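# sequence-free structure coming up:
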């Protein structure tokens, strides 16, 4: 996947993620893998599916045009 395509996929994944929540993105940051109200909720989901490579992050309460 080209760098631009990867950036677009990341933007798409993040824009579809629930706001003000914890999310897990695939290790290449192109797919939403899990989400929850707390970090632990997401970590538990990843443990259940055996995923040890996803990136966990907190989404903001709202997206600013330049944040993506």
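It's in. Nothing here was measured: the structure is a model prediction, and the numbers come from that model.

# near residue 52, how many other residues are there?
As a burial measure, the neighbour count of residue 52 was computed by other Cβ atoms under 10 Å and equals 8. Glycine gets a C-beta too; all of them are placed from N, C-alpha and C.

# for the closest residue to it other than its chain neighbours, what are phi and psi?
Excluding its sequence neighbours, the residue lying closest to residue 52 (Cβ to Cβ, 6 or more residues apart in numbering) is residue 46, at 7.4 Å. When quoted as degrees, to the nearest 10, the phi and psi of residue 46 stand at phi -60, psi -40.

# hang on, isn't residue 46 packed against residue 39?
No. Assessed by Cβ atoms under 8 Å, residue 46 is found out of contact with residue 39, at 10.7 Å.

# ok, the two, which is more surrounded?
Just comparing residue 46 and residue 39: by other Cβ under 10 Å the higher neighbour count belongs to residue 46, 17 against 13.

# for that one, give me its contacts.
Residues near residue 46 by Cβ atoms under 8 Å, 6 or more residues apart in numbering: 24, 33-34, 52, 54, 56.

# what distance do you get for the residue nearest to the spatial centre of the chain to residue 59?
Averaging the C-alpha coordinates of the chain gives a centre point, and the residue nearest to it by Cα atoms, centre = their mean is residue 25 (3.5 Å). As judged by Cβ to Cβ, to the nearest Å, residue 25 and residue 59 stand 11 Å apart.

# who touches both of these two?
Overlap between the contact sets of residue 25 and residue 59, as judged by Cβ under 8 Å, 6+ apart, is given by residue 14.

# quick one: buried residues of the longest helix seen in the chain?
In the chain, ranked by residue count with DSSP state H as the criterion, the top helix is helix 3-15. Within helix 3-15, the residues that qualify as buried are 9-10, 13-14, counting by 16 or more other Cβ atoms under 10 Å.

# the very next helix or strand once past that helix packs against which elements?
On the C-terminal side of helix 3-15, the closest following helix or strand by DSSP states H and E is strand 22-25. Using 3 or more Cβ pairs under 8 Å, 6 or more residues apart in numbering; DSSP states H and E as the contact criterion, the secondary-structure elements in contact with strand 22-25 are helix 3-15, strand 32-36, helix 39-49, strand 55-58.
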